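Peer 1: what would the 3D arrangement of this be:
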Amino acid sequence: MSAIERLPNEPIPDNGLLRFLTCGSVDDGKSTLIGRLLFDSKTILADTLHAIQRTSAKRGLDVVDLSLLTDGLQAEREQGITIDVAYRYFTTGTRKYIIADAPGHEQYTRNMVTAASTADLAIILIDARKGVLTQTRRHSYLAHLVGIPHVVVAVNKMDLVDYSPATFARIKADYLEFATALGIADVRFLPMSALNGDMIVERGERLDWYDGPTLLEILETVTAIHAEHAEKFRFPVQYVCRPQDSANPELHDYRGFMGRVESGELAIGDAVTVLPAGRETRVKDIRILDRSLPSAVAEQSVTILLDDEIDVSRGDMIVKTGELPNIAKQIDAMLCWLSESPLDPRRKYLLRHTTRDSKAMLAGIEFRVDINTLQQQPAERLVMNDIARVRFKLAQPIFADLYAESRGTGAFIVIDESSNNTVAAGMIV
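Peer 2: Numbers count the residues shown, from 1 in each chain. Below is the predicted model of the structure:
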């Protein structure tokens with residue numbers, strides 16, 4: 001019985017939402033894997049399937065090219081590669097999924113960082129013919145750096161090595177050596193053929209020597225990030241809602257604070273503190289549109305009303321009293337430099353943390369990471385795709401947690417004010 005089949009009258013569980021990422025080196029079969037997953041789980045619309053069947057026929061292919069389901073950009077279709085991050089949604093009935101298909105080329109590593117920042121699980125694909133490559137290590141390091149708790153190493157294209165268990169064992173040993181040095185705790189290994197569908201949704205008949213779960217069985221059972229451990233409540237204010245409706249006197253004193261719950265849970269009546277002022281009050285109401293909610297949880301966008309009149313504006317943060325974050329004007333962080341223009345230590349940048357912006361100056365580069373050896377090297381500047389530990393001094397304080405404790409309030413981006421381009425992504429350590 002597959003992961004999406006159930007007995008008659010068996011209750012349908014709800015395992016929540018799982019965001020996962022496929023990554024690895026070029027041509028490891030990431031897009032084909034996602035296409036096969038959608039195809040075998042019967043979540044492809046008929047018109048979409050007909051469209052890729054026509055495109056496959058035009059290319060002279062005898063079988064449907066399932067990678068076309070995610071390679072949506074024209075440039076990608078022409079080159080047969082993935083450039084941008086392609087997102088797809090599907091559900092099995094027991095769980096909802098958001099898939100991010102990250103590009104494999106080194107120059108698009110910055111796109112992979114974007115996709116990894118919200119993922120609960122990373123599927124690292126490895127071509128069974130090629131084994132562990134530099135980009136395999138780079139993507140594994142990034143997945144670990146951004147705090148993805150679960151890693152599945154999918155050894156793909158087993159059909160091209162005669163489904164050899166010895167090949168799978170060798171690749172597993174090579175990767176484990178690297179993963180152990182890196183400190184990856186939860187890593188699982190899976191042989192598969194995305195082209196033929198072996199070990200994706202169905203087990204197939206050619207990998208009978210492997211007795212572990214299929215890919216979908218793993219996806220159905222892992223826990224999402226916000227379910228991993230209890231988190232402190234963090235609510236960066238995005239907008240202050242003051243309706244102006246003279247015909248409705250009830251709205252005259254309405255003052256709601258709108259935003260997204262980055263972590264934790266809040267209920268009506270809870271004691272809260274508003275930062276940076278430090279004023280304490282209680283929650284009067286929690287609303288979504290015209291509905292009142294008893295509580296709000298992570299990733300919900302809500303409006304919070306407070307008992308007392310407090311001066312709150314965009315960039316402020318509402319937290320539970322007694323669970324204050326670090327109010328910092330200097331931060332240490334692991335930084336992924338994303339821009340083609342190198343980091344200029346003499347320039348001022350704009351650091352955006354949740355809904356709060358602050359001018360920032362580089363105070364120093366502690367080390368740069370050699371992605372192949374994991375050695376820490378001295379550096380005076382950073383170029384595209386470099387990963388380094390740095391220190392920033394800020395003009396305005398931010399309300400930050402360690403990234404290991406909270407992704408939402410432990411991460412930031414760096415913006416070049418002259419071009420308004422995002423040049424780096426950072427994780428507070």
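Peer 1: low pLDDT regions in this structure?
Peer 2: Scanning the chain for pLDDT under 70 picks out 1-14, 44-50, 52-53, 56-57, 61-86, 102-111, 226-229, 244-253.
Peer 1: domain ranges for it?
Peer 2: Here the domain assignment for the chain is 17-227, 234-320, 326-428, based on automatic domain parsing.
Peer 1: surely Gly256 meets Val283?
Peer 2: No: at 11.5 Å, Gly256 does not count as touching Val283 under the criterion of Cβ atoms under 8 Å. From N, CA and C alone the C-beta is placed, and that goes for glycine too.
Peer 1: need the domains of the chain in TSV (columns: mean neighbour count).
Peer 2: As requested, the domains of the chain are arranged in TSV below (neighbours: other Cβ atoms under 10 Å):
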stretch	mean neighbour count
domain 17-227	19
domain 234-320	16
domain 326-428	18
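Peer 1: about what we covered before: tell me, what's touching Gly256 and Val283 both at once?
Peer 2: Shared contacts of Gly256 and Val283, defined by Cβ atoms under 8 Å, 6 or more residues apart in numbering, comprise 304-305.
Peer 1: downstream of the helix ranked longest in the chain, the next helix or strand is which one?
Peer 2: Secondary structure of the chain per DSSP state H: the longest helix is helix 165-182. Sequence-wise, the next helix or strand downstream of helix 165-182 (DSSP states H and E) is strand 187-191.
Peer 1: which strands or helices does that next one pack on?
Peer 2: Applying 3 or more Cβ pairs under 8 Å, 6 or more residues apart in numbering; DSSP states H and E, we find strand 187-191 packed against strand 150-156, helix 165-182, helix 215-221.
Peer 1: now that strand - C-alpha only, CSV.
Peer 2: Coordinates of each C-alpha in strand 187-191 appear next as CSV, following Å, rounded to 0.1, in the frame of the first residue of the first chain:
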residue,chain,number,x,y,z
VAL,A,187,20.0,12.7,7.1
ARG,A,188,18.3,9.8,5.3
PHE,A,189,19.4,8.1,2.1
LEU,A,190,17.2,6.9,-0.7
PRO,A,191,18.0,5.2,-4.0
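Peer 1: tell me which strands that strand pairs with, and in which orientation.
Peer 2: Looking at strand 187-191 with DSSP bridges, its partner strands are strand 150-156 (parallel).
Peer 1: on that earlier part again, alpha carbons of the longest helix of the chain, as CSV, please.
Peer 2: Output of helix 165-182 as CSV, limited to C-alpha atoms (Å, rounded to 0.1, in the frame of the first residue of the first chain):
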residue,chain,number,x,y,z
PRO,A,165,23.6,-1.5,-4.3
ALA,A,166,27.4,-1.1,-4.2
THR,A,167,27.2,2.3,-6.0
PHE,A,168,24.5,3.5,-3.6
ALA,A,169,26.6,2.3,-0.6
ARG,A,170,29.7,4.1,-1.9
ILE,A,171,27.8,7.4,-2.4
LYS,A,172,26.2,7.1,1.0
ALA,A,173,29.6,6.6,2.7
ASP,A,174,31.1,9.6,0.9
TYR,A,175,28.3,11.9,1.8
LEU,A,176,28.2,10.7,5.4
GLU,A,177,31.8,11.6,5.9
PHE,A,178,31.0,15.2,4.7
ALA,A,179,27.7,15.4,6.7
THR,A,180,29.4,14.2,9.9
ALA,A,181,32.1,16.9,9.7
LEU,A,182,29.4,19.5,9.0
